[in-house]
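In: Would you be able to build a 3D model of this:
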Amino acid sequence: MSRLLLSLFFPLVLLIVFYSVPAGLLAPQSRPALFPPGTPLSISPSWCDPYGITILLMGEDPELRFDRNLQDASRLGARWVQLSFPTYLRNHDSIEFPVRDRRTPDLSTVQRSIMRAKSSGFKVALHPILLIQDPEDPHWRGQLDPPEKELWYDNYQQWIVQLSRLAQRCHVDLFFVGSELSSMQNDRAEWLKILKSVRLEFSGPVTYSANWDNWAQVSFAEQLDGLGVNGYVPFPGHQTQSGEQLIQHLLPFRSRLLRWSEQMGLPIFFSEVGYPSHSRALDTPWNQYQGQQIDVESQKRGYEAFIATFSGDQQIRGVFFYALHRDGGLRDAGYTPIGKPAEEIIRKYLGTISRVDRK
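Out: Residues are numbered from 1 along each chain as shown. The predicted structure follows:
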């Protein structure tokens, strides 16, 4: 069955196809990069089509944890790993950062981790994330409100450019200039300045990771090589819904993504997609700790619905599943799929991508 015929089928059939047809039919084709309108700052000749999984890199982790995560990524069939690590500012209205925090890995640890991943045969995306340190602050990073924006952007540029230099030295394959900074995304002039500075240091593809509910409001999107979307779309009422109904819930989101990508002439990809393993995993997929009852089946259902909905869409130009860090298993309520039913779902999907890419 050709990809053209597959694209005409109702998305429910995609769920059946995923488990029954030859694997190569489901993966997106490689195609020439699409150039954004206007005069882009991009110097990357093509988009990189990253398909893989995120590894969380934390400053307090023992070194063996990262090595185990790389082994798990390999067993899943990932060709890419996205190294995501936190840096902190004190509060949502702080100007000075980064602040010292034991959870932030030092640059030597980040560099060593990149080189280990590269030497293991992975392509590497580097995804630094700015988080709020104060647990009493009710805001999240999408609600930053610094009183002196000019100074905030000066500090941000200094921080992100330093990391872009590291990415260049280590031959990173994809670099993120920001992640879910929703309240700051309209400051186009400041972001263009940041992008220009980053591109002076880093020669590869540059992207930004936007939240699922405001990805279309990134004012500088057309100056990226591709736009990342964190796809934590909630499924209200999922407890009584069938797999078909979960797919139906994702279809409007899918349509908006594809329409935007076509109109902008810009690759779009999922910079994060994941589901924790607890009873509220599909109600609030962005929250690891909200549910207290372990529920690995909800995690599996989320992945099944996502893959059935988006498999075969050639305008979706990559996926990073979220995430490897903890050991996993049936008693773990976190995001990792290792040792859970979702592991085989992801392995099968990434296997289809790898087989097509080798042809």
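
In: How about Leu163: what's its closest non-neighbour residue?
Out: Pro128 (5.3 Å; C-beta to C-beta, 6 or more residues apart in numbering). The C-beta positions use only the backbone N, C-alpha and C, and glycine is treated the same way.

In: Quick check: that neighbour is in a strand.
Out: Yes. Counting by DSSP: H, G, I helix; E, B strand; the rest coil, Pro128 is located in a strand.

In: buried set for stretch 137-155?
Out: 141-142, 144, 146, 152-153, 155 (16 or more other C-beta atoms under 10 Å).

In: I should have written stretch 87-97 there, sorry.
Out: Neighbour-count burial for stretch 87-97, counted by 16+ other C-beta under 10 Å, picks out 87-95, 97.

In: now do stretch 117-130
Out: 117-118, 122-130.

In: How far does it stretch from one end to the other?
Out: End-to-end distance for stretch 117-130, by C-alpha to C-alpha, to the nearest Å: 23 Å.

In: what does stretch 332-344 give?
Out: First-to-last residue span, stretch 332-344, C-alpha to C-alpha: 17 Å.

In: Make 869 the starting number, not 1.
Out: I'll keep to 869 as the first residue from here, and by that count the last item is stretch 1200-1212.

In: what about that stretch, distance to the chain center?
Out: Mean-position distance between stretch 1200-1212 and its chain equals 17 Å (C-alpha atoms, centre = their mean, to the nearest Å).

In: just to revisit the earlier point, okay, and which of the buried residues of stretch 1005-1023 map to helices?
Out: In this view, those that belong to helices under DSSP state H are 1020-1021, 1023.

In: Reformat those residues into CSV and put pLDDT next to each item.
Out: Formatted as CSV, these follow (pLDDT from 0 to 100):
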residue, pLDDT
Trp1020, 98
Tyr1021, 98
Asn1023, 98
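
In: Out of those, flag the one nearest to Asp917.
Out: Set against Asp917, the nearest of these by C-beta to C-beta is Tyr1021 (31.1 Å).

In: Spit out the contact partners of that closest one.
Out: Counting by C-beta atoms under 8 Å, 6 or more residues apart in numbering, Tyr1021 touches 1055, 1058, 1061-1062.

In: Phi first, then psi, for the nearest residue to Gln1160 once chain neighbours are set aside.
Out: Using C-beta to C-beta, 6+ apart and skipping residues adjacent in sequence, the residue nearest Gln1160 is His1146, 6.9 Å away. His1146 adopts backbone torsions of phi -130, psi 180, taken as degrees, to the nearest 10.

In: Now do the same for His1146: its pLDDT.
Out: Note for His1146: predicted pLDDT of 94.

In: For it, give its distance to Val1164.
Out: From His1146 across to Val1164, the span is 9 Å (C-beta to C-beta, to the nearest Å).

In: buried sites along the strand or helix carrying Arg1215?
Out: According to DSSP states H and E, Arg1215 maps onto helix 1209-1225. For helix 1209-1225, a neighbour-count test (16+ other C-beta under 10 Å) marks 1209-1211, 1213-1214, 1216-1221, 1224 as buried.

In: Which strands and helices lie in contact with that helix?
Out: Secondary-structure packing of helix 1209-1225 (3 or more C-beta pairs under 8 Å, 6 or more residues apart in numbering; DSSP states H and E): helix 879-888, strand 919-924, helix 1164-1178.

In: which residues does the most centrally placed residue in the chain contact?
Out: Centrality entry for the chain: nearest residue to the mean C-alpha point is Ser1139, 1.9 Å, by C-alpha atoms, centre = their mean. Going by C-beta under 8 Å, 6+ apart, Ser1139 touches 950, 995, 1044, 1047, 1075, 1077-1078, 1096-1098, 1188.

In: Pull the CA coordinates from the helix or strand hosting it and hand them back as PDB.
Out: Using DSSP H and E, the element containing Ser1139 is strand 1136-1141. Extracted as PDB, the C-alpha positions of strand 1136-1141 are listed here (Å, rounded to 0.1, in the frame of the first residue of the first chain):
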ATOM      1  CA  ILE A1136       7.600  21.500  12.500                       C
ATOM      2  CA  PHE A1137       8.500  18.600  14.900                       C
ATOM      3  CA  PHE A1138       7.700  17.400  18.400                       C
ATOM      4  CA  SER A1139      10.400  18.500  20.700                       C
ATOM      5  CA  GLU A1140       8.800  16.600  23.500                       C
ATOM      6  CA  VAL A1141       6.000  14.100  23.600                       C
END
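
In: Surely Trp1128 is in contact with Ala1084?
Out: Yes. Using C-beta atoms under 8 Å, Trp1128 is in contact with Ala1084, at 5.8 Å.

In: So these two - more neighbours on which side?
Out: The neighbour count for Trp1128 versus Ala1084, taken as other C-beta atoms under 10 Å, is higher for Trp1128 (17 against 14).

In: What does the closest residue to Phe965 other than its chain neighbours show for phi and psi?
Out: Leaving aside its chain neighbours, Phe965 sits nearest to Leu957 (3.6 Å; criterion: C-beta to C-beta, 6+ apart). Main-chain dihedrals, Leu957, degrees, to the nearest 10: phi -110, psi 160.
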